[in-house]
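In: what's the 3D shape of this:
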Amino acid sequence: MDTQQNNILPNQWVVMVKPNLTAELMQSDHLSKLDDMTVDPTTPFNVQVSQQFDFPELKGYSAKFDDATKAELEKMPEVLGIEPEQLYRHCQFQPDAPWGLGRISTRAKVGDPPYSYTYRDDAAGAGTVAYVIDTGINDQHVEFERRATKGPVFVSDGSASDEDVQGHGTHVAGTIGSRAYGVAKRASIVAVKVFSDVTGFAQTSDIIKALEWVVGDVDSHGIRDRAVVNLSLGGGASAALDAAVASTVRHGVVVCVAAGNNFGLADDQSPAREPLAITVGATDIMDVFASFSGYGKMIDIVAPGVNILSCWKGSPTATRTISGTSMGNDSTCSWRCLLPSE
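Out: Now for the predicted structure:
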C-alpha cells in the first residue's frame with residue numbers, strides 16, 4: 001500500500017509516552033488532563049481517547065483532538081511523540097494447484113503441473129499457533145479441520161462483526177494451515193480482526209492493540225517458542241506500529257510482515273521497514289520477483305505470491321486464487337510453525 005496523504009485520519013492521533021509511565025500515572029495524571037482539555041474555548045473540541053496500549057517498550061494511546069491540543073500535548077515531558085492515525089490495507093490484489101506449495105518443496109523452480117509438496121504429516125506444525133491479524137476468518141471452512149478460532153475484534157469505527165466479510169484473512173489462514181492449501185497443516189490458527197467491514201482498512205492503533213493482545217495470549221498459554229504473528233498488511237511509515245512489532249519480537253514471538261504491493265521501497269512502509277520483523281517479498285512461478293512486490297534492503301526473504309489458491313469466505317468449501325506479498329508472507333509464517341515440530 002502506498003504512503004498516501006488520504007490515508008491519514010483527520011484529527012485522530014497516536015500518542016507515545018515514556019515507557020516508565022505506569023498505568024496508574026497514565027490514568028490519574030496524564031489522561032485526566034485530557035478529560036477537560038480545551039485549548040481554544042471559542043472552538044471547543046472534545047478529546048476522545050479510543051485505544052490504550054501498554055508494551056514494555058511502547059506505551060500510549062489513540063485519541064481524537066485538534067491541532068491546538070496536539071501542540072499542548074507535545075509540551076508535556078512524558079510525551080515522546082505524536083503521529084497521525086493511519087489506514088492500512090491488506091497486501092493483496094486480484095488477477096487467476098497451489099503451485100506455491102510445490103515451489104517451497106524443491107530447490108529448483110517448478111515446471112508444468114502437477115506439483116507435489118513434501119512434508120511430515122505427523123508433525124506439520126502441530127502444537128504451534130499462528131496469530132493472523134487481518135480481516136477475520138471463516139472458521140467453519142472444512143479445510144481448517146476445527147483448528148481455526150476467532151480471537152477478539154479491534155476495530156475502532158465499530159463497524160465490524162467477528163465474521164470475515166472480505167475474505168483476505170481466511171485466504172491468509174488457509175495458506176498457513178489449511179489441509180489442502182496450507183504449509184503447516186496441523187498448526188492452530190487464531191484470527192484477530194482489525195479491518196473495518198465498511199472502509200476495508202485497519203487503523204494504526206487497532207493493529208497495535210491486536211499485537212498487545214497477542215503478547216498477553218501467548219504468555220497466558222506459555223507458547224512463546226511456538227507462536228508466530230502474521231501481518232499481511234501495509235501502509236505509511238509509523239514509529240508507533242514499528243515499536244509495537246519490535247516489542248512483540250523482543251517478547252519472543254516471531255512476526256512476519258508483507259513487503260507491500262506498490263512496487264515501492266519496503267524501507268518507507270510500516271511494518272515492512274521494522275528490522276526485527278521478517279519482511280517478505282513475492283515471486284511468481286518462474287522465480288521472478290513479482291511486478292507488484294515491495295523491494296529494498298529491508299526484504300529478508302521472498303516466497304510464492306502470484307496466483308495462490310486458498311480458502312475463502314462465504315461457505316465451508318469456498319476457494320479463491322489471488323496474488324500479493326500477503327501470500328508470500330503466509331508461506332514464510334507457516335514455515336516458522338514447522339520449525340519447532342520438525
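In: what's the burial count for Phe144?
Out: When neighbours are counted by other Cβ atoms under 10 Å, Phe144 registers 23. C-beta here means a position set from N, CA and C on the backbone, and glycine is covered the same way.
In: What of the one 10 residues further on?
Out: Other residues within reach of Phe154, judged by other Cβ under 10 Å, total 23.
In: so who does it touch?
Out: For Phe154, the contacting residues are 51, 192-194, 206-207, 209-210, 213, taking Cβ atoms under 8 Å, 6 or more residues apart in numbering as the criterion.
In: okay, it: pLDDT?
Out: Phe154 is assigned a predicted lDDT (pLDDT) of 97.
In: Please apply the same query to Ser161.
Out: On pLDDT, Ser161 comes in at 91.
In: Can you list phi and psi of the residue nearest to Gly234 when sequence neighbours are not counted for me?
Out: Using Cβ to Cβ, 6 or more residues apart in numbering and skipping residues adjacent in sequence, the residue nearest Gly234 is Gly260, 4.2 Å away. Backbone geometry at Gly260, expressed as degrees, to the nearest 10, gives phi 100, psi 160.
In: His141 versus Gly260, what's the distance?
Out: 27 Å (Cβ to Cβ, to the nearest Å).
In: cool, and Glu24?
Out: Using Cβ to Cβ, which is the criterion applied here, Glu24 is 44 Å from His141.
In: the more surrounded of these two?
Out: His141 (25 against 8).
In: Quick check, that one in contact with Pro316.
Out: Yes - in this structure His141 lies within contact range of Pro316 using Cβ atoms under 8 Å: 5.4 Å.
In: Under the pLDDT cut-off, which ranges of this protein? List them.
Out: Scanning the chain for pLDDT under 70 picks out 1-6, 36-46, 91-123, 340-342.
In: Look through it and tell me its longest strand.
Out: Identified as the longest strand of the chain according to DSSP state E is strand 79-90.
In: elements contacting that strand?
Out: Secondary-structure packing of strand 79-90 (3 or more Cβ pairs under 8 Å, 6 or more residues apart in numbering; DSSP states H and E): strand 8-17, helix 67-73, helix 168-177, strand 202-203, helix 204-221, strand 233-234, helix 239-250.
In: How about it, which residues are buried there?
Out: When burial is assessed from 16 or more other Cβ atoms under 10 Å, strand 79-90 yields the following buried residues: 79-80, 82-90.
In: Need these in CSV (columns: distance to Pro19).
Out: Rendered in CSV, the data for the buried residues of strand 79-90 read as follows (distance: Cβ to Cβ, whole Å):
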residue, distance to Pro19
Val79, 12
Leu80, 9
Ile82, 16
Glu83, 17
Pro84, 22
Glu85, 21
Gln86, 22
Leu87, 27
Tyr88, 24
Arg89, 30
His90, 30
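In: Relative to Ala180, which of those residues is nearest.
Out: Proximity to Ala180 was ranked across the buried residues of strand 79-90 by Cβ to Cβ; first place goes to His90, at 21.9 Å.
In: Any idea what the closest one is bridged to?
Out: Applying DSSP bridges to His90 gives these bridge partners: Leu233.
In: from what I can see it touches Ser232, true?
Out: Yes - in this structure, His90 sits in contact with Ser232. The criterion is Cβ under 8 Å, and the distance is 5.9 Å.
In: Mutual contacts of those two, please.
Out: The contact sets of His90 and Ser232 overlap at 134, 168, 172, 324, 326 (Cβ under 8 Å, 6+ apart).
In: Now the most centrally placed residue in the chain. Nearest residue, chain neighbours left out?
Out: Against the mean C-alpha coordinate of the chain, by Cα atoms, centre = their mean, the closest residue is Leu231 at 2.5 Å. Ranked by Cβ to Cβ, 6+ apart and with sequence neighbours excluded, the top spatial neighbour of Leu231 is Val257, at 4.5 Å.
In: which residue packs closest to Trp335, ignoring adjacent ones?
Out: Counting by Cβ to Cβ, 6+ apart, the residue nearest Trp335 is Val183, at 6.3 Å.
In: my bad, should have said Lys150
Out: Leaving aside its sequence neighbours, Lys150 is closest to Asp162 (5.0 Å, by Cβ to Cβ, 6+ apart).
In: That neighbour: what's it in contact with?
Out: Under the contact definition (Cβ under 8 Å, 6+ apart), the residues listed for Asp162 are 136, 150, 153, 193.
In: What's the ChimeraX line that selects buried ones from these?
Out: This is the ChimeraX syntax for the buried subset of the contacts of Asp162, where burial follows 16+ other Cβ under 10 Å:
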select :136,150,153,193
